[in-house]
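>>> Generate a structure from the sequence data that follows.
(one chain, ligands or ions: 1)
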Amino acid sequence: MFNGNGNLQDALNIHDLRKMAKKRLPKWLFEFVDRGTEDEVALRNNRAAFERIKLKTQVLVDVSARNQEVTLFGKKHGMPMGIAPTGPAGMMYYKGELELARAAKAANIPFTLATGSQTSMEEVSKMVGGTLWFQLYMWSDVRMSHLLVERAKNAGFEALVVTVDGPVGTNREYNIRNGYTVPFSYNRKNTAAVLVRPGWLFGVLMKYWMTGGMPTRANYPEGFAEKFTQVSSAERKTKNDSLSWDDLGVLRDMWPGKLLVKGILTPRDAERAIARGADGVIVSNHGGRNFDSSMAPIEALAPIVDAVGNRTTVIVDSGFRRGSDVVKALAIGAKLVMVGRATLWGTTVAGEAGATRAINIYREEISRTIAYLGCRTIPELNRECLEHVPTPHIPLTM
Ligand SMILES: Cc1cc2nc3c(=O)[nH]c(=O)nc-3n(C[C@H](O)[C@H](O)[C@H](O)COP(=O)(O)O)c2cc1C
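Next up is the predicted model:
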């Protein structure tokens, strides 16, 4: 397929998709998605941690009938992956959330819609369906959070993913340097960056302009769904450094579906999530975007699985770029791996087809990796596949 950036099949791996996306997006938007925070130590360490893990091969096993199906919360999925919530998916591609959701549905994997998305949860549910999870930022104005929870319930979302790893804003200095401000305001730098990306200007921004104006945070309750260019009155009410585990307990009482807590990095917090009724935890450092001194989730995973893995579903994300990374996490004991940037790059390049390309790349790489390990199915993966079980360099204390 020709997409203006060459043939999609020329993307042999996720890094190629990233390079293609870089050519399409204004610099401030590309960096907002691609980069980390402060000195980007966490971002680099997320990748370095995977490189330190080695897998044990097994030879002369008949692995001709390989299968990637997994069962999660009683439901069968096509492969052990899901799409993580990312606020600006609809800025990568016009209504990018629909493209991602379609790719996820076709692959039979979960898609998580972010609170801050540009397409509403009702539209995603009505237009696409599939296994839909809704990500909630807990706001200190509980009324706003609870309105969203009610809507997600009515729209048929199966899981509520409560993100807890951002008590305060993060420190992304590059945003300031390259002219990206929240709320967004036009300046010489960011306008110039848009003008040299006409494909994005006409294919994404102009399409929104022609269908109602600047993109909005479409899930924000009525009266709060301001445009990107406005100071959000919702955000003024969403200061969340006062939240506690009790707030999660309230959500548990309201939400009849699966409740997942995203942004857990220690067994201590995983225990607290279970105590408040969570059905699962997502071990994540937000892709290295929030706290630069955070542990790599792949190294935080084993102690959490050991502590709570028999009582809850442990999911992981952050830094997964290869199928072998996914296999490493599954061998440690995760039940599902989620990706944020990888499928965003695919969507940027070619909408649903691009997101599908990203998913297919992982699928092929997982298939190849498990063959080398002498495994046919995902449940066969275990710690015997690992040369050593990765743990944080400094042991966790409870
Ligand atoms: C551009 C961008 C926006 C994101 N927005 C959200 C969000 O709104 N809510 C959330 O819980 N996580 C958000 N995340 C974090 C992802 O859900 C996920 O934890 C992270 O991307 C995983 O790392 P990876 O990108 O290396 O796969 C965002 C990540 C990116 C890259």
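
>>> residues of stretch 34-45 that come out buried?
Residues 34, 35, 36, 37, 42, 43, 45 are the ones in stretch 34-45 that count as buried (16 or more other Cβ atoms under 10 Å). Glycine gets a C-beta too; all of them are placed from N, C-alpha and C.

>>> restrict those residues to contacts with the ligand.
Contacts with the ligand within the buried residues of stretch 34-45, as defined by Cβ under 6 Å from any ligand atom: none are present.

>>> got those residues as TSV, with pLDDT columns?
Listed next are these as TSV, based on pLDDT from 0 to 100:
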residue	pLDDT
34	98
35	97
36	97
37	97
42	98
43	98
45	97
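
>>> how about these in JSON lines, adding secondary structure?
JSON lines is the format used below for the buried residues of stretch 34-45 (DSSP: H, G, I helix; E, B strand; the rest coil):
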{"residue": "34", "secondary structure": "helix"}
{"residue": "35", "secondary structure": "coil"}
{"residue": "36", "secondary structure": "coil"}
{"residue": "37", "secondary structure": "coil"}
{"residue": "42", "secondary structure": "helix"}
{"residue": "43", "secondary structure": "helix"}
{"residue": "45", "secondary structure": "helix"}
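
>>> Which positions in the stretch 251-398 of the chain make contact with the ligand?
Counting by Cβ under 6 Å from any ligand atom, the residues of the stretch 251-398 of the chain near the ligand are 262, 284, 286-287, 289, 317-320, 339-342.

>>> where along the stretch 1-150 of the chain do the strands fall?
70-72, 75-77, 81-83, 111-113, 132-137 (DSSP state E, counting those that start in this stretch).

>>> List the buried residues of the first one.
I take that to be strand 70-72. Going through strand 70-72 with 16+ other Cβ under 10 Å, the ones that come out buried are 70, 72.

>>> And for the residue in the chain that the ligand sits nearest to, the neighbour number?
When Cβ to the nearest ligand atom is the measure, the chain has its nearest residue to the ligand at residue 340, with 2.1 Å between them. Counted with other Cβ atoms under 10 Å, residues neighbouring residue 340 total 22.

>>> Count residues in the vicinity of the residue nearest to it when sequence neighbours are not counted, would you?
In space, not counting the residues next to it along the chain, residue 340 is nearest to residue 84; the distance is 4.2 Å by Cβ to Cβ, 6 or more residues apart in numbering. By the criterion of other Cβ under 10 Å, residue 84 has 30 neighbours.

>>> cool, and the one 10 residues further on?
Other residues near residue 94 number 20, with proximity taken as other Cβ under 10 Å.

>>> cool, and residue 264?
Residue 264 is flanked by 29 other residues according to other Cβ under 10 Å.

>>> ok, the residue lying closest to it once chain neighbours are set aside - contacts?
Closest residue in space to residue 264, ignoring its immediate chain neighbours: residue 281 at 4.4 Å, by Cβ to Cβ, 6+ apart. Residues in contact with residue 281 (Cβ atoms under 8 Å, 6 or more residues apart in numbering) are 260-262, 264, 269-270, 273-274, 304, 308, 312-315.

>>> who does residue 281 bridge with?
On the basis of DSSP bridges, residue 281 is bridged to residue 261, residue 314.

>>> I'd like to know how far it sits from residue 186.
Relative to residue 186, residue 281 is positioned 41 Å away (criterion: Cβ to Cβ, to the nearest Å).

>>> looking at it, the residue of the chain closest to the ligand is touching residue 320, isn't it?
No: with contact taken as Cβ atoms under 8 Å, residue 340 and residue 320 are classed as non-touching, separated by 9.0 Å.

>>> so what pLDDT did the residue nearest the centre of the chain get?
The centre of the chain sits closest to residue 84, judged by Cα atoms, centre = their mean, with a distance of 2.3 Å. Residue 84 is assigned a pLDDT of 98 by the prediction.

>>> list the contacts for it?
With contacts defined as Cβ under 8 Å, 6+ apart, residue 84 is in contact with 112, 284, 287, 317, 338, 339, 340.

>>> and the two most separated of these?
With Cβ to Cβ as the measure, no two of these lie farther apart than 112 and 287, at 13.4 Å.

>>> In terms of neighbours, single out the busier of these two.
residue 112 (28 against 25).

>>> That one touches residue 136, doesn't it?
No: under the criterion of Cβ under 8 Å, residue 112 is not in contact with residue 136, lying 10.4 Å apart.

>>> got any residues that touch both of the two?
Overlap between the neighbourhoods of residue 112 and residue 136 consists of residue 161, taking contacts as Cβ under 8 Å, 6+ apart.

>>> element containing the spatially closest residue to residue 241 that is not a sequence neighbour, please.
Among residues not flanking residue 241 along the chain, residue 167 sits closest, at 4.6 Å (Cβ to Cβ, 6+ apart). For residue 167, there is no enclosing helix or strand under DSSP states H and E.

>>> thinking residue 167 is in contact with residue 244, fair?
No: with contact defined as Cβ under 8 Å, residue 167 and residue 244 do not form a contacting pair (10.5 Å).

>>> Which of the two has more residues huddled nearby?
More neighbours sit around residue 167 than around the other of residue 167 and residue 244, counting by other Cβ under 10 Å; the figures are 13 against 8.

>>> Now do the same for that one: its pLDDT.
According to the prediction, residue 167 has pLDDT 88.

>>> Equivalent analysis for residue 397, please.
Note for residue 397: predicted pLDDT of 52.
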